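Chemist: fold the following.
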Amino acid sequence: MWFGPLGTTLRWRNRASLPSVRFFSQPHSRSSFGIAFDIDGVILRGRVPIGGSPRALRRMYRDSGELKFPFLFLTNGGGIPESIRASELSEFLGVNILPSQVVQGHSPFKNLLKRFENELIIALGKGEPALVMSEYGFKKVLSLDEYASYFKNIDPVSQYKNWTTEKIFDHEGNSKDLVPRYDVLSDRVKAAFVVSDPVDWGRDIQVLCDVLRSGGLPGQGNGPQPPLYFAADDLEYQAAFPSERLGMGAFRIALESIFNRIHHNGLEYTSFGKPNPFVFRNAEAILRLLQPSCRDGYFMDKGNKDTDSFKTLYMIGDNPLVDIRGALQAGHPWFSILTRTGVFKGKENHAKFPADLVVDTVEEAVDYILKKECSSYRLDNGRR
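Modeler: Got it, this is the predicted structure:
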């Protein structure tokens, strides 16, 4: 692989003979770099690994299975607890992923626990949004599915829907009682959390409009809007289908457009997820916690005297408007790498939000990083 100026495309001239890299022992030191991987369109498409991601991730570990370089997954996706997502990733990629290495769009919601721990809140989206919030410590949380079921006729077309909602179960398989000792018909909702991509847009928009314009109690007239939080604001994302799918940002636009037409005040909301600079600051803090477990003889900190900081943090993503824009806004020490395996498929760099580097796959991105960061290496082309 040849390395050009920032923002240029890097290609292996002969993919059949990728050189292997042998590292030589140096004195123990902390890693001077860390990596944040997006998931959808970079590591996986649907539930299938892409771009050589299993091989790329294995290079982040020692032969013993211990972490060699600090890295995490920084995704706007979600809908399941970080512990479950870590287990799924471990199975798909063949490496041991820790829950602390998974930062999802809704992970910052746990920072709101002090404010809403004992208040009635609703959570919506695919997967198990109420379980996610319950595991963060929220005591009175209902999924929007369950909440709506207590209000007869709140969804005027429910009789035409031939799907059913699933109950939430705990790890022992027992039905989970998330909201004991309160009456949803008299207890006002204090906040609504869009945890993951909503499934039933029509019903969810209707119920949210009822909750938000009534002050938290549907059918009771207008009242102050409860806080509304979105885990992310992606307009589109790359899933298993060949072209991009509408994301949480599209749902937010639909909700906002309708709410603003039927209510005298505009919709108020807070969005988390990339490209929010807070997400990148949080990721840096988590990577810093992973540094002590990554001491190894395979790299040097190149004279970095501040062992608690990184010289470079790499964001590897497929969406210029989310991953690359976020890294650019976060500034130093973030270095953005754009892959062509997801939302972005262009030959040249993105015009509005150009990445520091454009590659075809995540495997090429990791090749670039390790060659740049590891102080001693030898290309041996498989020879010993």
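Chemist: check the burial of Tyr37 by counting its neighbours.
Modeler: Careful, residue 37 is Phe and not Tyr. 26 (other Cβ atoms under 10 Å). Where C-beta positions appear, they are placed from N, C-alpha and C, glycine not excepted.
Chemist: kindly report the same for the one 10 residues further on.
Modeler: Residue crowding around Arg47 was assessed by other Cβ under 10 Å; the count is 9.
Chemist: please apply the same query to Asn118.
Modeler: Residue crowding around Asn118 was assessed by other Cβ under 10 Å; the count is 10.
Chemist: what does the one 3 residues further on give?
Modeler: For Ile121, the neighbour count with other Cβ under 10 Å is 26.
Chemist: who does the helix or strand containing it pair up with?
Modeler: Element membership for Ile121 (DSSP states H and E) is strand 120-124. Here strand 120-124 has these sheet partners by DSSP bridges: strand 140-143 (parallel), strand 191-194 (parallel).
Chemist: I'd like the next helix or strand past it.
Modeler: Counting by DSSP H and E, what follows strand 120-124 is helix 129-135.
Chemist: what lies in contact with that next one?
Modeler: Contacting residues not belonging to helix 129-135 are listed as 78-81, 83, 106, 109, 121, 123, 141-144, 146, 168, 176, 178, 193, 195-196 [Cβ atoms under 8 Å, 6 or more residues apart in numbering].
Chemist: so of the residues you listed, which ones are in helices?
Modeler: Residues of the contacts of helix 129-135 located in helices (DSSP state H): 83, 144, 146.
Chemist: the last one: neighbour count?
Modeler: In terms of burial, Glu146 registers 18 neighbours under the definition other Cβ under 10 Å.
Chemist: excluding its backbone neighbours, what's nearest the most centrally placed residue in the chain?
Modeler: What sits nearest the mean C-alpha location of the chain, by Cα atoms, centre = their mean, is Thr75, with 1.7 Å. The spatially closest residue to Thr75, leaving aside those adjacent along the chain, is Ile39, at 4.3 Å (Cβ to Cβ, 6 or more residues apart in numbering).
Chemist: need the contact list for that neighbour.
Modeler: 73, 75, 77, 89.
Chemist: widest-spaced pair of the residues you listed?
Modeler: Spatial extent of the contacts of Ile39 (Cβ to Cβ) is set by the pair Gly77 and Leu89 at 11.4 Å.
Chemist: any idea of the mean pLDDT in stretch 225-240?
Modeler: For stretch 225-240, mean pLDDT is 96.
Chemist: put the alpha carbons of it into CSV.
Modeler: Listed next in CSV are the C-alpha coordinates belonging to stretch 225-240 (Å, rounded to 0.1, in the frame of the first residue of the first chain):
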residue,chain,number,x,y,z
GLN,A,225,-43.9,19.9,26.8
PRO,A,226,-41.9,17.2,28.6
PRO,A,227,-38.3,16.9,27.5
LEU,A,228,-37.7,14.8,24.4
TYR,A,229,-34.4,13.0,23.7
PHE,A,230,-33.2,11.3,20.5
ALA,A,231,-30.3,8.9,20.7
ALA,A,232,-29.1,10.0,17.2
ASP,A,233,-30.1,12.1,14.2
ASP,A,234,-29.0,10.1,11.2
LEU,A,235,-31.1,10.8,8.2
GLU,A,236,-29.9,7.6,6.5
TYR,A,237,-27.7,4.6,7.3
GLN,A,238,-26.4,1.5,5.6
ALA,A,239,-28.2,-1.7,6.5
ALA,A,240,-28.5,-5.0,4.7
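Chemist: looking at this, Arg85 is in a helix?
Modeler: Yes. Assessed by DSSP: H, G, I helix; E, B strand; the rest coil, Arg85 belongs to a helix.
Chemist: what's the distance between the residue nearest to it when sequence neighbours are not counted and Gly77?
Modeler: The spatial neighbour of Arg85 that comes closest, neighbours along the chain excluded (Cβ to Cβ, 6+ apart), is Val102 at 5.0 Å. Shown here: Val102 relative to Gly77, a distance of 10 Å by Cβ to Cβ, to the nearest Å.
Chemist: can you give me the strands in the stretch 251-384 of the chain?
Modeler: 270-271, 312-317, 334-338, 357-358, 377-379 (DSSP state E, counting those that start in this stretch).
Chemist: now those in JSON lines, with mean neighbour count?
Modeler: Formatted as JSON lines, the strands of the stretch 251-384 of the chain follow (neighbours: other Cβ atoms under 10 Å):
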{"stretch": "strand 270-271", "mean neighbour count": "14"}
{"stretch": "strand 312-317", "mean neighbour count": "26"}
{"stretch": "strand 334-338", "mean neighbour count": "25"}
{"stretch": "strand 357-358", "mean neighbour count": "26"}
{"stretch": "strand 377-379", "mean neighbour count": "13"}
